[in-house]
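Visitor: Quick one, structure for this:
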Amino acid sequence: MPAFDNFRTVRWFRTFNLVLQALLFLTLFGGLNYIALNHDWGRIDLTRHHRYSLSPETLAYLGNLNQPVRVIVTLPEDSDHPEVAAALPDVRGLLREYAFATEGNHDAKTGHDGRVRVEYLDVDRRIRDASQLGIEQRNAVVFLCGDKRRVVELGELYRVENYQAKDFIGEQAFTSAILNVSSPERKKIYFLSGNGEARTDNADPARGLSVLAGELGLRNFAVESFSLGIAHSKVPDDAALVIAVGPQRVPPYAQEQLRQYLGPRAGHMLLLLAPGSAPGIPTGLTDLLLDWGVLADDDVISDTNDRTEQGELLIHTLGVHPITKSLIEMKNVPLLVSRARSLHPLPTSGLLVSTLAASSPTSWGEVNFTRLPEFNAGDIKGLPQNKNGLALIVAAEHAQPRDHLPYTVPNGRLVVFGSTDFATNNGFVIAGNQNILINAINWAIGLEQLNVPARPVERFKLSLNEQELVRLRYSLLFVVPGAAALLGLIVYWTRRS
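Guide: Prediction:
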(Lines give C-alpha, C1' and ligand atoms only; values in the text may rest on other atoms or scores of the structure.)
Protein backbone atom coordinates (compact mmCIF):
# COMPACT_ATOMS: atom_id res chain seq x y z
CA MET A 1 0.00 0.00 0.00
CA PRO A 2 1.39 3.43 -0.97
CA ALA A 3 2.42 5.63 1.94
CA PHE A 4 -0.13 8.35 1.02
CA ASP A 5 -2.93 5.80 1.17
CA ASN A 6 -1.95 4.89 4.73
CA PHE A 7 -4.44 6.28 7.26
CA ARG A 8 -1.69 6.86 9.82
CA THR A 9 0.33 8.95 7.35
CA VAL A 10 -2.72 11.01 6.40
CA ARG A 11 -3.47 11.60 10.07
CA TRP A 12 0.09 12.83 10.66
CA PHE A 13 -0.12 15.20 7.66
CA ARG A 14 -3.43 16.53 8.96
CA THR A 15 -1.97 17.13 12.43
CA PHE A 16 1.13 18.77 10.96
CA ASN A 17 -1.10 21.06 8.90
CA LEU A 18 -3.08 22.15 11.97
CA VAL A 19 0.11 22.80 13.98
CA LEU A 20 1.60 24.78 11.08
CA GLN A 21 -1.54 26.92 10.82
CA ALA A 22 -1.43 27.62 14.56
CA LEU A 23 2.26 28.61 14.34
CA LEU A 24 1.60 30.90 11.39
CA PHE A 25 -1.31 32.47 13.25
CA LEU A 26 0.83 33.12 16.34
CA THR A 27 3.69 34.42 14.20
CA LEU A 28 1.36 36.87 12.49
CA PHE A 29 0.15 38.34 15.78
CA GLY A 30 3.68 38.35 17.20
CA GLY A 31 4.95 40.25 14.16
CA LEU A 32 2.14 42.79 14.33
CA ASN A 33 2.85 43.43 18.02
CA TYR A 34 6.57 43.79 17.33
CA ILE A 35 5.88 46.36 14.63
CA ALA A 36 3.47 48.25 16.91
CA LEU A 37 6.05 48.28 19.70
CA ASN A 38 9.02 49.46 17.64
CA HIS A 39 7.54 51.57 14.85
CA ASP A 40 5.15 54.53 15.03
CA TRP A 41 3.48 53.62 11.75
CA GLY A 42 2.51 50.28 13.22
CA ARG A 43 0.49 51.83 16.04
CA ILE A 44 -2.98 52.96 15.00
CA ASP A 45 -5.43 54.50 17.46
CA LEU A 46 -8.88 53.35 16.42
CA THR A 47 -10.72 54.82 19.41
CA ARG A 48 -13.46 57.34 18.70
CA HIS A 49 -11.77 60.40 20.26
CA HIS A 50 -8.16 59.16 19.85
CA ARG A 51 -7.86 58.64 23.58
CA TYR A 52 -4.45 57.00 23.25
CA SER A 53 -2.80 59.47 20.86
CA LEU A 54 -0.76 62.48 21.90
CA SER A 55 -1.34 65.78 20.13
CA PRO A 56 1.26 67.11 17.64
CA GLU A 57 2.13 69.94 20.07
CA THR A 58 2.92 67.49 22.87
CA LEU A 59 4.98 65.27 20.55
CA ALA A 60 6.99 68.31 19.43
CA TYR A 61 7.78 69.23 23.04
CA LEU A 62 8.70 65.66 23.94
CA GLY A 63 10.99 65.38 20.91
CA ASN A 64 13.08 68.26 22.28
CA LEU A 65 13.13 66.97 25.85
CA ASN A 66 16.78 66.75 26.95
CA GLN A 67 16.41 65.78 30.59
CA PRO A 68 14.88 62.62 32.10
CA VAL A 69 11.54 63.16 33.79
CA ARG A 70 10.37 60.74 36.46
CA VAL A 71 6.61 60.41 36.91
CA ILE A 72 5.29 58.98 40.18
CA VAL A 73 1.60 58.02 40.21
CA THR A 74 0.11 57.72 43.71
CA LEU A 75 -3.37 56.62 42.63
CA PRO A 76 -3.95 53.22 44.32
CA GLU A 77 -5.24 50.36 42.20
CA ASP A 78 -7.68 49.16 44.86
CA SER A 79 -9.22 52.50 45.81
CA ASP A 80 -12.75 52.54 47.21
CA HIS A 81 -13.39 55.99 45.73
CA PRO A 82 -15.13 55.73 42.34
CA GLU A 83 -13.45 58.92 41.07
CA VAL A 84 -9.97 57.50 41.71
CA ALA A 85 -10.88 54.10 40.26
CA ALA A 86 -12.25 55.76 37.10
CA ALA A 87 -9.22 58.06 36.71
CA LEU A 88 -6.54 55.36 36.98
CA PRO A 89 -7.14 53.77 33.52
CA ASP A 90 -7.13 57.21 31.88
CA VAL A 91 -3.89 58.18 33.63
CA ARG A 92 -2.22 54.83 32.97
CA GLY A 93 -3.11 54.80 29.27
CA LEU A 94 -1.98 58.39 28.71
CA LEU A 95 1.33 58.07 30.57
CA ARG A 96 2.09 54.92 28.57
CA GLU A 97 2.05 57.10 25.45
CA TYR A 98 4.43 59.62 27.03
CA ALA A 99 6.89 56.84 27.89
CA PHE A 100 6.65 55.36 24.39
CA ALA A 101 7.02 58.74 22.64
CA THR A 102 10.30 59.46 24.48
CA GLU A 103 11.96 56.04 24.09
CA GLY A 104 14.02 57.43 21.20
CA ASN A 105 15.37 60.25 23.40
CA HIS A 106 17.93 57.88 24.95
CA ASP A 107 21.41 57.50 23.45
CA ALA A 108 23.70 55.14 25.35
CA LYS A 109 26.81 56.37 23.50
CA THR A 110 26.45 60.06 24.29
CA GLY A 111 24.63 59.58 27.61
CA HIS A 112 21.75 61.78 26.43
CA ASP A 113 18.55 60.79 28.19
CA GLY A 114 15.28 62.65 27.69
CA ARG A 115 12.92 59.83 28.52
CA VAL A 116 9.75 59.98 30.58
CA ARG A 117 9.72 57.09 33.03
CA VAL A 118 6.54 56.17 34.88
CA GLU A 119 6.27 54.49 38.29
CA TYR A 120 3.32 53.62 40.49
CA LEU A 121 3.67 54.16 44.22
CA ASP A 122 1.26 53.29 47.01
CA VAL A 123 2.05 55.97 49.59
CA ASP A 124 0.41 54.03 52.45
CA ARG A 125 2.14 50.68 51.78
CA ARG A 126 5.56 51.89 50.64
CA ILE A 127 6.12 54.50 53.30
CA ARG A 128 9.93 54.39 53.12
CA ASP A 129 10.05 54.91 49.35
CA ALA A 130 7.54 57.76 49.57
CA SER A 131 9.55 59.39 52.36
CA GLN A 132 12.81 59.18 50.37
CA LEU A 133 11.12 60.88 47.43
CA GLY A 134 9.48 63.47 49.68
CA ILE A 135 6.03 62.51 48.40
CA GLU A 136 3.05 62.75 50.73
CA GLN A 137 0.27 63.46 48.22
CA ARG A 138 -2.24 60.69 47.65
CA ASN A 139 -4.33 60.46 44.48
CA ALA A 140 -1.90 62.64 42.53
CA VAL A 141 0.70 62.48 39.76
CA VAL A 142 4.14 63.85 40.73
CA PHE A 143 6.65 64.94 38.05
CA LEU A 144 10.33 65.00 39.10
CA CYS A 145 13.32 66.32 37.18
CA GLY A 146 16.47 66.95 39.17
CA ASP A 147 15.48 68.94 42.24
CA LYS A 148 12.31 70.28 40.61
CA ARG A 149 8.88 68.83 41.10
CA ARG A 150 5.32 69.50 40.02
CA VAL A 151 2.26 67.91 41.59
CA VAL A 152 -0.83 67.40 39.44
CA GLU A 153 -3.88 66.80 41.60
CA LEU A 154 -6.77 64.58 40.58
CA GLY A 155 -9.05 67.62 40.19
CA GLU A 156 -6.75 69.06 37.49
CA LEU A 157 -7.32 66.08 35.18
CA TYR A 158 -10.99 66.62 34.41
CA ARG A 159 -13.25 69.42 33.32
CA VAL A 160 -16.28 69.16 35.58
CA GLU A 161 -19.82 70.21 34.69
CA ASN A 162 -22.86 69.72 36.93
CA TYR A 163 -20.73 67.71 39.37
CA GLN A 164 -19.74 65.20 36.67
CA ALA A 165 -16.48 64.81 34.79
CA LYS A 166 -17.17 65.94 31.23
CA ASP A 167 -13.74 66.06 29.57
CA PHE A 168 -10.38 64.46 30.35
CA ILE A 169 -7.71 67.18 30.15
CA GLY A 170 -4.84 65.10 31.48
CA GLU A 171 -2.63 65.72 28.46
CA GLN A 172 -2.77 69.48 29.02
CA ALA A 173 -1.84 69.04 32.68
CA PHE A 174 0.91 66.45 32.07
CA THR A 175 2.59 68.29 29.18
CA SER A 176 2.54 71.55 31.14
CA ALA A 177 4.06 69.79 34.16
CA ILE A 178 6.83 68.20 32.06
CA LEU A 179 7.71 71.57 30.51
CA ASN A 180 7.64 73.14 33.95
CA VAL A 181 10.05 70.74 35.69
CA SER A 182 12.37 70.31 32.69
CA SER A 183 12.85 74.05 32.28
CA PRO A 184 16.42 75.06 33.23
CA GLU A 185 15.18 77.90 35.45
CA ARG A 186 12.42 78.19 38.02
CA LYS A 187 10.22 81.23 37.69
CA LYS A 188 10.57 83.52 40.70
CA ILE A 189 7.61 84.99 42.53
CA TYR A 190 8.45 87.87 44.86
CA PHE A 191 6.22 88.91 47.77
CA LEU A 192 6.37 92.60 48.67
CA SER A 193 7.17 93.32 52.34
CA GLY A 194 7.93 96.25 54.58
CA ASN A 195 4.58 98.06 54.37
CA GLY A 196 2.35 95.94 56.59
CA GLU A 197 1.97 93.11 54.03
CA ALA A 198 1.23 89.52 55.03
CA ARG A 199 4.35 87.30 55.03
CA THR A 200 5.07 83.88 53.54
CA ASP A 201 6.92 82.72 56.69
CA ASN A 202 3.87 83.39 58.89
CA ALA A 203 1.65 80.39 59.76
CA ASP A 204 -1.07 82.50 61.39
CA PRO A 205 -4.48 81.43 59.98
CA ALA A 206 -5.74 84.98 59.41
CA ARG A 207 -2.52 86.78 58.39
CA GLY A 208 -0.02 84.15 57.24
CA LEU A 209 0.78 83.07 53.69
CA SER A 210 2.65 79.86 54.50
CA VAL A 211 0.07 77.59 52.82
CA LEU A 212 0.16 79.62 49.61
CA ALA A 213 3.97 79.62 49.62
CA GLY A 214 3.97 75.84 50.02
CA GLU A 215 1.57 75.35 47.11
CA LEU A 216 3.68 77.59 44.88
CA GLY A 217 6.74 75.53 45.77
CA LEU A 218 4.94 72.35 44.73
CA ARG A 219 4.25 74.02 41.38
CA ASN A 220 7.97 74.60 40.83
CA PHE A 221 7.95 78.33 41.58
CA ALA A 222 10.77 79.90 43.58
CA VAL A 223 9.27 82.09 46.32
CA GLU A 224 11.18 85.04 47.80
CA SER A 225 10.42 88.31 49.56
CA PHE A 226 11.76 91.79 48.86
CA SER A 227 11.28 95.29 50.22
CA LEU A 228 11.19 98.71 48.57
CA GLY A 229 12.16 100.31 51.85
CA ILE A 230 14.88 102.54 50.51
CA ALA A 231 14.70 105.13 47.77
CA HIS A 232 17.18 103.48 45.36
CA SER A 233 15.73 99.95 45.60
CA LYS A 234 13.74 98.41 42.76
CA VAL A 235 11.85 95.27 41.81
CA PRO A 236 14.37 92.46 41.12
CA ASP A 237 15.19 91.90 37.45
CA ASP A 238 14.37 88.17 37.62
CA ALA A 239 10.86 88.70 39.02
CA ALA A 240 8.29 86.77 36.99
CA LEU A 241 5.54 88.03 39.30
CA VAL A 242 5.16 90.38 42.27
CA ILE A 243 2.47 89.73 44.89
CA ALA A 244 1.49 92.26 47.53
CA VAL A 245 -1.01 91.09 50.19
CA GLY A 246 -2.49 93.88 52.30
CA PRO A 247 -0.04 96.77 51.67
CA GLN A 248 -0.58 99.99 53.67
CA ARG A 249 0.93 103.45 53.24
CA VAL A 250 3.31 102.44 50.47
CA PRO A 251 5.74 105.40 50.08
CA PRO A 252 5.71 107.37 46.81
CA TYR A 253 9.13 106.14 45.62
CA ALA A 254 8.04 102.51 46.16
CA GLN A 255 4.84 103.13 44.21
CA GLU A 256 6.91 104.63 41.40
CA GLN A 257 9.16 101.56 41.27
CA LEU A 258 6.09 99.34 40.96
CA ARG A 259 4.75 101.58 38.17
CA GLN A 260 8.06 101.27 36.33
CA TYR A 261 8.00 97.50 36.77
CA LEU A 262 4.46 97.14 35.40
CA GLY A 263 4.80 99.77 32.67
CA PRO A 264 8.15 100.09 30.86
CA ARG A 265 9.38 96.71 32.15
CA ALA A 266 6.07 94.95 31.24
CA GLY A 267 5.95 93.22 34.61
CA HIS A 268 3.20 91.20 36.26
CA MET A 269 1.60 91.80 39.63
CA LEU A 270 -1.13 90.51 41.94
CA LEU A 271 -2.40 93.07 44.43
CA LEU A 272 -4.65 91.91 47.29
CA LEU A 273 -6.04 94.89 49.19
CA ALA A 274 -7.12 94.75 52.80
CA PRO A 275 -10.78 95.73 53.25
CA GLY A 276 -12.16 98.12 55.85
CA SER A 277 -10.51 96.39 58.79
CA ALA A 278 -8.44 99.60 58.98
CA PRO A 279 -10.75 102.30 57.57
CA GLY A 280 -9.13 105.46 56.39
CA ILE A 281 -5.64 103.94 56.16
CA PRO A 282 -4.50 104.52 52.56
CA THR A 283 -2.74 101.87 50.53
CA GLY A 284 -0.45 104.42 48.90
CA LEU A 285 -1.11 102.77 45.51
CA THR A 286 -4.00 104.92 44.27
CA ASP A 287 -2.09 106.42 41.34
CA LEU A 288 -0.76 103.03 40.29
CA LEU A 289 -4.27 101.55 40.26
CA LEU A 290 -5.71 104.49 38.32
CA ASP A 291 -2.98 104.05 35.70
CA TRP A 292 -4.31 100.53 35.23
CA GLY A 293 -7.99 101.44 35.13
CA VAL A 294 -8.92 100.39 38.67
CA LEU A 295 -10.43 102.52 41.44
CA ALA A 296 -10.36 100.94 44.92
CA ASP A 297 -13.13 102.20 47.21
CA ASP A 298 -12.57 102.68 50.93
CA ASP A 299 -15.53 100.57 52.00
CA VAL A 300 -16.65 97.13 53.16
CA ILE A 301 -19.02 95.09 51.01
CA SER A 302 -22.20 94.26 52.92
CA ASP A 303 -24.96 91.88 51.86
CA THR A 304 -27.99 90.71 53.80
CA ASN A 305 -28.65 87.73 51.49
CA ASP A 306 -25.55 86.07 50.03
CA ARG A 307 -23.82 85.21 53.28
CA THR A 308 -23.05 82.02 55.17
CA GLU A 309 -24.30 81.35 58.71
CA GLN A 310 -20.92 82.60 59.95
CA GLY A 311 -21.42 85.89 58.11
CA GLU A 312 -18.94 85.23 55.29
CA LEU A 313 -19.63 86.75 51.89
CA LEU A 314 -20.53 84.35 49.06
CA ILE A 315 -19.51 85.35 45.54
CA HIS A 316 -21.26 83.60 42.63
CA THR A 317 -21.10 86.17 39.80
CA LEU A 318 -18.08 85.56 37.56
CA GLY A 319 -16.99 87.33 34.40
CA VAL A 320 -15.78 85.46 31.31
CA HIS A 321 -11.99 85.39 31.36
CA PRO A 322 -9.17 82.80 31.20
CA ILE A 323 -8.78 83.15 34.97
CA THR A 324 -12.41 82.25 35.69
CA LYS A 325 -12.86 79.65 32.94
CA SER A 326 -12.40 76.57 35.11
CA LEU A 327 -14.62 77.96 37.89
CA ILE A 328 -17.41 78.72 35.41
CA GLU A 329 -17.15 75.18 34.04
CA MET A 330 -17.31 73.62 37.51
CA LYS A 331 -20.44 75.64 38.44
CA ASN A 332 -21.82 76.12 41.94
CA VAL A 333 -18.34 76.56 43.44
CA PRO A 334 -18.49 79.99 45.11
CA LEU A 335 -15.76 82.27 46.34
CA LEU A 336 -15.84 82.86 50.08
CA VAL A 337 -14.40 85.85 51.98
CA SER A 338 -15.00 87.32 55.40
CA ARG A 339 -14.49 90.98 54.46
CA ALA A 340 -13.90 92.71 51.13
CA ARG A 341 -13.75 96.15 49.59
CA SER A 342 -15.29 97.07 46.23
CA LEU A 343 -13.39 97.92 43.06
CA HIS A 344 -14.44 100.04 40.09
CA PRO A 345 -13.07 99.13 36.63
CA LEU A 346 -12.49 102.27 34.59
CA PRO A 347 -12.35 102.44 30.78
CA THR A 348 -8.77 103.37 29.93
CA SER A 349 -7.18 103.76 26.52
CA GLY A 350 -4.78 100.96 25.62
CA LEU A 351 -5.95 98.71 28.45
CA LEU A 352 -8.22 95.69 28.64
CA VAL A 353 -9.93 95.89 32.04
CA SER A 354 -12.18 92.98 33.05
CA THR A 355 -14.31 92.29 36.11
CA LEU A 356 -13.60 88.72 37.21
CA ALA A 357 -15.93 88.46 40.21
CA ALA A 358 -18.74 90.59 41.65
CA SER A 359 -21.06 90.46 44.63
CA SER A 360 -24.82 89.94 44.38
CA PRO A 361 -27.28 92.69 43.28
CA THR A 362 -28.46 93.06 46.90
CA SER A 363 -25.01 94.10 48.16
CA TRP A 364 -23.65 97.57 48.78
CA GLY A 365 -20.41 99.20 49.89
CA GLU A 366 -20.62 100.40 53.48
CA VAL A 367 -18.50 103.52 53.97
CA ASN A 368 -19.47 104.27 57.58
CA PHE A 369 -17.74 101.68 59.78
CA THR A 370 -19.20 102.94 63.06
CA ARG A 371 -22.81 101.90 62.47
CA LEU A 372 -24.62 98.65 61.82
CA PRO A 373 -24.57 97.46 58.17
CA GLU A 374 -27.49 99.18 56.47
CA PHE A 375 -27.70 100.94 53.14
CA ASN A 376 -27.71 104.71 53.58
CA ALA A 377 -27.08 107.77 51.48
CA GLY A 378 -23.41 107.91 50.56
CA ASP A 379 -22.95 104.14 50.49
CA ILE A 380 -21.84 102.53 47.22
CA LYS A 381 -24.19 100.56 44.99
CA GLY A 382 -23.31 98.12 42.25
CA LEU A 383 -22.98 98.87 38.55
CA PRO A 384 -25.19 97.51 35.73
CA GLN A 385 -22.19 96.03 33.90
CA ASN A 386 -21.55 93.90 36.99
CA LYS A 387 -25.17 92.73 37.09
CA ASN A 388 -25.77 95.44 39.71
CA GLY A 389 -23.15 93.90 41.97
CA LEU A 390 -19.88 95.33 43.27
CA ALA A 391 -16.67 94.29 41.54
CA LEU A 392 -14.44 92.26 43.83
CA ILE A 393 -11.66 91.10 41.46
CA VAL A 394 -10.44 93.04 38.41
CA ALA A 395 -7.81 92.09 35.82
CA ALA A 396 -6.06 94.57 33.54
CA GLU A 397 -3.52 94.17 30.76
CA HIS A 398 -2.13 96.27 27.99
CA ALA A 399 -3.96 95.69 24.71
CA GLN A 400 -1.91 93.72 22.20
CA PRO A 401 -0.86 95.68 19.08
CA ARG A 402 -2.81 95.11 15.91
CA ASP A 403 -1.73 94.18 12.37
CA HIS A 404 -0.75 90.64 13.47
CA LEU A 405 2.91 91.36 14.08
CA PRO A 406 5.18 88.34 13.52
CA TYR A 407 6.73 88.63 16.97
CA THR A 408 5.47 88.63 20.55
CA VAL A 409 5.22 91.95 22.34
CA PRO A 410 5.60 91.69 26.15
CA ASN A 411 2.67 93.25 27.97
CA GLY A 412 2.17 94.05 31.63
CA ARG A 413 -0.60 92.39 33.59
CA LEU A 414 -2.23 93.31 36.89
CA VAL A 415 -4.88 91.48 38.92
CA VAL A 416 -6.45 93.32 41.87
CA PHE A 417 -8.38 91.53 44.62
CA GLY A 418 -10.62 93.42 47.04
CA SER A 419 -9.78 91.06 49.89
CA THR A 420 -6.68 89.41 51.34
CA ASP A 421 -8.71 86.31 52.26
CA PHE A 422 -7.93 84.73 48.89
CA ALA A 423 -4.27 84.31 49.89
CA THR A 424 -4.19 83.96 53.69
CA ASN A 425 -4.03 80.50 55.24
CA ASN A 426 -7.70 80.35 56.28
CA GLY A 427 -9.08 81.53 52.95
CA PHE A 428 -6.70 79.87 50.50
CA VAL A 429 -7.76 76.35 51.50
CA ILE A 430 -11.30 77.07 50.21
CA ALA A 431 -11.65 75.39 46.81
CA GLY A 432 -12.99 78.38 44.87
CA ASN A 433 -10.50 80.83 46.38
CA GLN A 434 -7.54 78.57 45.65
CA ASN A 435 -8.68 77.94 42.10
CA ILE A 436 -9.07 81.58 41.13
CA LEU A 437 -5.85 82.69 42.85
CA ILE A 438 -3.69 79.98 41.22
CA ASN A 439 -5.35 80.72 37.86
CA ALA A 440 -4.61 84.42 38.34
CA ILE A 441 -0.95 83.65 39.07
CA ASN A 442 -0.62 81.46 35.97
CA TRP A 443 -2.36 84.04 33.77
CA ALA A 444 -0.35 86.96 35.11
CA ILE A 445 2.94 85.14 34.53
CA GLY A 446 1.83 84.10 31.07
CA LEU A 447 1.49 80.34 31.57
CA GLU A 448 -1.29 80.11 29.04
CA GLN A 449 -3.18 76.87 28.52
CA LEU A 450 -1.60 74.56 25.95
CA ASN A 451 -3.40 74.03 22.66
CA VAL A 452 -4.15 70.40 23.46
CA PRO A 453 -7.62 69.02 22.77
CA ALA A 454 -9.69 67.66 25.66
CA ARG A 455 -11.06 64.14 25.43
CA PRO A 456 -14.74 63.59 26.28
CA VAL A 457 -15.39 61.18 29.13
CA GLU A 458 -17.40 58.24 27.83
CA ARG A 459 -19.77 56.55 30.24
CA PHE A 460 -21.43 53.17 29.75
CA LYS A 461 -24.20 52.31 32.16
CA LEU A 462 -26.12 49.02 32.38
CA SER A 463 -29.40 49.36 34.27
CA LEU A 464 -31.15 46.09 35.24
CA ASN A 465 -33.90 45.44 37.72
CA GLU A 466 -33.90 42.34 39.91
CA GLN A 467 -36.01 40.26 37.51
CA GLU A 468 -33.82 41.14 34.52
CA LEU A 469 -30.70 40.35 36.53
CA VAL A 470 -32.04 36.84 37.42
CA ARG A 471 -32.93 36.26 33.77
CA LEU A 472 -29.44 37.29 32.68
CA ARG A 473 -27.85 35.00 35.27
CA TYR A 474 -29.79 31.93 34.07
CA SER A 475 -29.06 32.82 30.45
CA LEU A 476 -25.35 32.82 31.13
CA LEU A 477 -25.54 29.61 33.15
CA PHE A 478 -27.76 27.53 30.87
CA VAL A 479 -28.68 29.18 27.55
CA VAL A 480 -25.15 29.91 26.30
CA PRO A 481 -23.68 26.48 27.28
CA GLY A 482 -26.84 24.79 25.99
CA ALA A 483 -26.52 26.51 22.63
CA ALA A 484 -22.90 25.36 22.36
CA ALA A 485 -23.89 21.78 23.28
CA LEU A 486 -26.72 21.79 20.73
CA LEU A 487 -24.38 23.00 18.01
CA GLY A 488 -21.96 20.21 18.89
CA LEU A 489 -24.72 17.60 18.65
CA ILE A 490 -25.77 18.93 15.23
CA VAL A 491 -22.19 18.71 13.94
CA TYR A 492 -21.79 15.20 15.38
CA TRP A 493 -25.07 13.98 13.83
CA THR A 494 -24.18 15.53 10.45
CA ARG A 495 -20.78 13.85 10.34
CA ARG A 496 -22.23 10.50 11.44
CA SER A 497 -24.86 10.61 8.71
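Visitor: got the domain boundaries for the protein?
Guide: 1-44, 56-182, 188-445 (automatic domain parsing).
Visitor: Please identify the deepest-packed of these.
Guide: domain 188-445 (a mean of 18; mean count of other CB atoms under 10 Å). Every C-beta, even on glycine, is put in place using the N, C-alpha and C of the backbone.
Visitor: Determine how far the last residue of it lies from the first.
Guide: 10 Å (CA to CA, to the nearest Å).
Visitor: mean confidence score for that domain?
Guide: Across domain 188-445, pLDDT averages out at 85.
Visitor: From the chain's centroid, how far away is that domain?
Guide: 21 Å (CA atoms, centre = their mean, to the nearest Å).
Visitor: And the closest residue to residue 421 other than its chain neighbours, how far from residue 337?
Guide: Sequence neighbours aside, residue 427 is the residue nearest to residue 421 in space, at 3.5 Å (criterion: CB to CB, 6 or more residues apart in numbering). For residue 427, the distance to residue 337 equals 6 Å [CB to CB, to the nearest Å].
Visitor: Likewise for residue 197?
Guide: 18 Å.
Visitor: Also residue 375?
Guide: Residue 375 is 20 Å from residue 337, by CB to CB.
Visitor: Residue 252 now?
Guide: Applying CB to CB to residue 252 and residue 337 gives a distance of 30 Å.
Visitor: partners of residue 190 in the sheet?
Guide: residue 224, residue 242 (DSSP bridges).
Visitor: For it, which residues are in contact?
Guide: When contacts are counted by CB atoms under 8 Å, 6 or more residues apart in numbering, residue 190 is found next to 224-226, 235-236, 239, 241-243.
Visitor: rerun at 6 Å
Guide: Residue 190 makes contact with 224, 226, 239, 242, according to CB atoms under 6 Å, 6 or more residues apart in numbering.
Visitor: And the nearest residue to residue 115 once chain neighbours are set aside, what's its pLDDT?
Guide: In space, and not counting its chain neighbours, residue 115 is closest to residue 102: 4.6 Å by CB to CB, 6+ apart. Listed pLDDT for residue 102 reads 88.
Visitor: Next one: residue 102 relative to residue 264, how far apart?
Guide: For residue 102, the distance to residue 264 - CB to CB - is 41 Å.
Visitor: Residue 428 too?
Guide: 32 Å.
Visitor: repeat for residue 92
Guide: Distance from residue 92 to residue 264, by CB to CB: 49 Å.
Visitor: again with residue 364
Guide: Counting by CB to CB, the gap from residue 364 to residue 264 is 39 Å.
Visitor: follow-up on the earlier one: quickly list what's touching both of residue 427 and residue 337.
Guide: Common neighbours of residue 427 and residue 337 (CB under 6 Å, 6+ apart) are residue 421.
Visitor: Quick check on residue 295: phi, psi?
Guide: phi -110, psi 120 (degrees, to the nearest 10).
Visitor: where does the stretch 1-150 of the chain have low pLDDT?
Guide: 1-7, 36-52, 57 (pLDDT under 70).
Visitor: What segments of it are helices?
Guide: 7-38, 56-63, 82-101, 127-133 (DSSP state H, counting those that start in this stretch).
Visitor: who wins for proximity to residue 305 among the ones you listed?
Guide: Nearest of these to residue 305, taken as CB to CB: helix 82-101 at 33.0 Å.
Visitor: That closest one: how far from the chain's middle?
Guide: With CA atoms, centre = their mean, you get 16 Å for helix 82-101.
Visitor: Spatially central residue in the protein, please.
Guide: Taking CA atoms, centre = their mean, the centroid of the chain lies closest to residue 156, which sits 3.8 Å from it.
Visitor: contacting residues around that one?
Guide: Per CB under 6 Å, 6+ apart, neighbours of residue 156: residue 173.
Visitor: and if you look at the one 10 residues further on?
Guide: With contacts taken as CB under 6 Å, 6+ apart, residue 166 has the following neighbours: residue 159.
Visitor: Rounded mean pLDDT for the one helix or strand it maps to, please.
Guide: Assignment of secondary structure by DSSP states H and E places residue 166 within strand 164-168. What strand 164-168 shows for mean pLDDT is 73.
Visitor: can you start the count at 43 instead of 1 from here on
Guide: Yep, numbering from 43; the last one is strand 206-210 now.
Visitor: Downstream of it, the next helix or strand is which one?
Guide: Criterion used, DSSP H and E; the element after strand 206-210 is helix 212-224.
Visitor: Am I right that residue 344 is in contact with residue 408?
Guide: Yes. Residue 344 lies in contact with residue 408 (CB atoms under 6 Å); the separation is 4.6 Å.
Visitor: Excluding chain neighbours, what is closest to residue 346?
Guide: Closest to residue 346 by CB to CB, 6+ apart is residue 404, at 6.4 Å.
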